[in-house]
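Chemist: Sequence plus predicted model, see below.
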Amino acid sequence: MFVYPKKYEVIVVGAGHAGVEAALAAARMGCQTLLLTMNADSIGQMSCNPAIGGLGKGHMVREIDALGGEMGRAADMTGLQFRMLNQKKGPAVWSPRVQCDKKAYQFRLKWICESEPNLDVKQGQSSKIVHHNGIAYGIETNLEVQYHGQTIVITTGTFLRGLMHIGSNQQAGGRSGDSAAMNLSASLQEVGLKLARLKTGTPPRLLKRSIDFSKTEPQYGDEPVPYFSHWKEDLFHMEQKRGRFAGASTSAGLYPPGSVLDKINTQLPCHITFTTEETARVIRANLHRSPMYSGVIEGIGPRYCPSIEDKIVKFAEKERHQIFLEPEGIETDEIYVNGFSTCLPFEVQVDLVRTIIGCENAEILRPAYAVEYDFSHPTQLHPSLETQACQNLYLAGQINGTSGYEEAAAQGLMAGINAARRVKNLEPIVLGRDQAYIGVLIDDLVTKGTAEPYRMFTSRAEYRLLLRQDNADLRLSQIGYETGLLPEHQYKQFIHKQDSIKKEINRLHKETYKTDFLYKILSRPEMTYATLPSRNDALPAEVVQQVEIAIKYAGYIDRQELEVLKFKKMEDKVIPLAFDYTGVPSLRLEARQKFGEIRPATLGQAARIPGVSPADISILMVWLKRAAGVERNRPKADSPESCGVDGLE
């Protein structure tokens, strides 16, 4: 065995979306960081759809950006098509989404990681967690090389004992073309973690020139581009400063220099098509050959991203299902068939694809497949994403039972931050449900757990009017700056924007037009800021947007803020980590067991545990007060009362 001579402060295993964010966060916070990956050519690889964002997910990407993470900038610089979803509804559910160039996104993140100070990227397959007395301090690879570090972040995605299925054919691997991590699961179990199996899938990729797009409906991007990044000035200048894209065109200033859109001068369309009755017939005739329906696959698949087999079986009354044909890049003719995930045999896939309108002569470049993998029950984590079973060991991404790049990146960012803060002897940062969708995500995982791949939706957030995608910087940039991730110049931009919003809202409350205050005029449904009698046309669009929303939705926002204050006492009431629930005799057995298993950090988290009743919380509150009273009245270790009756013993 060889122990690598350099000692790290943070070691990140896995270089997918969670691993990249974790490693960059730790390195940018000043920690000597190692990013250990099975394949250095696959850093930031998009295993499934080359798209970022969407309903609920887009909110998290903007939050990652506001905190100083990388995903939003990478998506903006490699996007082929940008859209703001749900614009016909209220601003709480507007969600940005971008179709990316898969290879450009991957290679950009590879370059970002390789050029980041304090971050070493190394190729190696992790096989064992090095630990002693419940404390992790290193990783061993299958080449018997040990890397030692103060904290470890595991972000293995779908690679833990990954098994791919195409019909009856099975191959070990976490992604087509890549091997599986076969030994690390046993090491995780050795440190005390309980594992189970989940399943996900991906659709076939088709050859563009074999599709008849005249039979489909084009779907275009939005202009002006709804970027993820709050720091648009940086997008338009940072590449020129770094000199990486010297000589790139500027597309008349419409798109960032060096971005994918700058190279092609326009957004690429996606196309909408549909399945047919023949699609359903082929599936029903071959359902017994699907490993999902024959019982071969044990893992539970994602409820909200079902396979085409599931759609046909569970929605038998539907005559057709919508399919999106989406480009994978500007230098490839691969088309991603969104909504057509399957694990049927290859020969069935050939027939099946050709039942889609416009795909009657389509050729499959890559077949669809399903993949099973191990995950760790997330209720075994602290809200910091550190495992309860092993100190200094953090988990992030699909290993915690989530589905999607955005959920993974959000966890990776927080795990990287908290691993770095552990090194610096600082308290972890835990975002509340009223602060961020990231807070909702992590709280749901560690409090409720999951038996299926967890996906974020706006409906999961009880304070979603406060957690809009447009105000992510106003909610989180202060935290990003104080953490050390958000650069000084971006923080100053945030402060300037914040001040501009406050000043304009104050002005509208003070100034009148004829007999009405300006804010009352703007609050009318038919009015916009652009039609306001007295307005400041020099204000940036994002400031105007915040002013409009703040005034038009003031009543709803105030109501949610009151709800937050109402529950804040419970959220702020910390439960000691070593609190003995067995010493609370009035608690129901179920509540006592769940409290002991999950170890809630606060009374608010305890109240959200499934199966826990209000009566259980009331009892717990009483005993927490008693315990606090006993602690306050206990003599100090060096006081006379602690030394005996007369203080001399």
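Modeler: That came in fine, so what should we check first?
Chemist: Residue 233 and residue 493 touch, don't they?
Modeler: Yes: counting by CB atoms under 8 Å, residue 233 does reach residue 493; the two are 7.3 Å apart. For every residue, glycine as well, the C-beta is placed using N, CA and C.
Chemist: can you give me phi and psi for the residue nearest the centre of the chain?
Modeler: With distances taken as CA atoms, centre = their mean, residue 407 lies nearest the centre of the chain, 2.0 Å away. The phi/psi pair for residue 407 (degrees, to the nearest 10) reads phi -60, psi -40.
Chemist: One more: residue 140?
Modeler: With angles defined as degrees, to the nearest 10, residue 140 sits at phi -110, psi 140.
Chemist: Dig out what it forms beta bridges with.
Modeler: residue 128, residue 146 (DSSP bridges).
Chemist: Help me confirm that it comes into contact with residue 125.
Modeler: No: contact status for residue 140 versus residue 125: not in contact, 10.2 Å apart, counting by CB under 8 Å.
Chemist: The host helix or strand of residue 619 - what's its average pLDDT?
Modeler: Taking DSSP states H and E as the criterion, residue 619 maps to helix 614-633. Averaging pLDDT along helix 614-633 yields 80.
Chemist: same deal with stretch 129-149?
Modeler: 97.
Chemist: Name the surrounding residues that touch it.
Modeler: Residues from elsewhere that reach stretch 129-149 (CB atoms under 8 Å, 6 or more residues apart in numbering): 1-4, 7-11, 13, 34, 36, 122, 124-128, 150-152, 154, 183-184, 187-188, 190-192, 389-393.
Chemist: From residue 393, how far off is the residue nearest to the centre of the chain?
Modeler: 20 Å (CB to CB, to the nearest Å).
Chemist: again, but for residue 605
Modeler: Residue 605 is 21 Å from residue 393, where distance means CB to CB.
Chemist: do the same with residue 588
Modeler: Applying CB to CB to residue 588 and residue 393 gives a distance of 32 Å.
Chemist: Ok, residue 226 next?
Modeler: For residue 226, the distance to residue 393 (CB to CB) stands at 38 Å.
Chemist: so what's residue 536 closest to, chain neighbours aside?
Modeler: residue 504 (6.4 Å; CB to CB, 6 or more residues apart in numbering).
Chemist: hmm, back to that, looking at residue 140 and residue 125, which has the bigger crowd around it?
Modeler: Per other CB atoms under 10 Å, whichever of residue 140 and residue 125 has more neighbours is residue 140, with 22 against 19.
Chemist: Run a quick neighbour tally on residue 297.
Modeler: Residue 297 has 21 neighbours, counted by other CB under 10 Å.
Chemist: Same check on residue 358?
Modeler: As a burial measure, residue 358 scores 19 neighbours (other CB under 10 Å).
Chemist: Could you do residue 518 as well?
Modeler: For residue 518, using other CB under 10 Å, the count is 22.
Chemist: Please apply the same query to residue 41.
Modeler: Residue 41 has 11 nearby residues by other CB under 10 Å.
Chemist: Equivalent analysis for residue 356, please.
Modeler: Residues lying near residue 356 (other CB under 10 Å) number 27.
Chemist: ok, now residue 557?
Modeler: Neighbours around residue 557, by other CB under 10 Å: 18.
Chemist: Next, the contact list for the residue nearest to residue 536, please.
Modeler: Residue 504 sits next to 536, 539, 543, 547 when contact means CB under 8 Å, 6+ apart.
Chemist: does the residue nearest to the centre of the chain really touch residue 59, like I thought?
Modeler: No: using CB under 8 Å as the test, residue 407 is too far from residue 59 to be in contact (11.4 Å).
Chemist: For the stretch 401-550 of the chain, just list every one of the helices.
Modeler: 405-423, 437-443, 472-483, 488-510, 518-522, 541-552 (DSSP state H, counting those that start in this stretch).
Chemist: deepest of the ones you listed, which one?
Modeler: Between the helices of the stretch 401-550 of the chain, helix 405-423 has the highest mean count of neighbours, a mean of 29, where neighbours are mean count of other CB atoms under 10 Å.
Chemist: counting contacts, what elements does it pack onto?
Modeler: strand 8-13, helix 17-28, strand 51-53, helix 57-67, helix 71-78, strand 145-154, strand 393-395, helix 437-443 (3 or more CB pairs under 8 Å, 6 or more residues apart in numbering; DSSP states H and E).
Chemist: could I get these as TSV with distance to residue 309?
Modeler: Shown next, in TSV, are the helices and strands packed on helix 405-423 (distance: least, CB to CB, whole Å):
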stretch	distance to residue 309
strand 8-13	34
helix 17-28	27
strand 51-53	23
helix 57-67	24
helix 71-78	31
strand 145-154	32
strand 393-395	31
helix 437-443	28
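Chemist: Ok, which of these comes nearest residue 500?
Modeler: Residue 500 lies closest to helix 57-67 among these, at 17.0 Å (CB to CB).
Chemist: the inter-axis angle of the closest one versus helix 71-78?
Modeler: Using axes from the mean of the first three to the mean of the last three CA atoms, to 10 degrees, the inter-axis angle of helix 57-67 relative to helix 71-78 is 110 degrees.
Chemist: counting contacts, what elements does helix 57-67 pack onto?
Modeler: With contacts defined as 3+ CB pairs under 8 Å, 6+ apart, the packing partners of helix 57-67 are strand 51-53, helix 71-78, strand 95-100, helix 405-423, helix 437-443, helix 472-483.
Chemist: Dump these into TSV; add mean pLDDT and distance to residue 145 as well.
Modeler: Shown next, in TSV, are those (pLDDT from 0 to 100; distance: least, CB to CB, whole Å):
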stretch	mean pLDDT	distance to residue 145
strand 51-53	97	34
helix 71-78	97	30
strand 95-100	98	34
helix 405-423	98	21
helix 437-443	97	32
helix 472-483	98	32
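Chemist: any chance of the ones you listed in TSV, plus distance to residue 508?
Modeler: Conversion of the helices and strands packed on helix 57-67 to TSV gives the following (distance: least, CB to CB, whole Å):
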stretch	distance to residue 508
strand 51-53	32
helix 71-78	31
strand 95-100	27
helix 405-423	35
helix 437-443	29
helix 472-483	18
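Chemist: Show me the one of these that comes nearest residue 44.
Modeler: Among the helices and strands packed on helix 57-67, helix 71-78 sits nearest to residue 44 (CB to CB), with 7.3 Å.
Chemist: tell me how far the closest one is from the chain's mean position?
Modeler: On the basis of CA atoms, centre = their mean, to the nearest Å, helix 71-78 sits 14 Å off its chain's mean C-alpha point.
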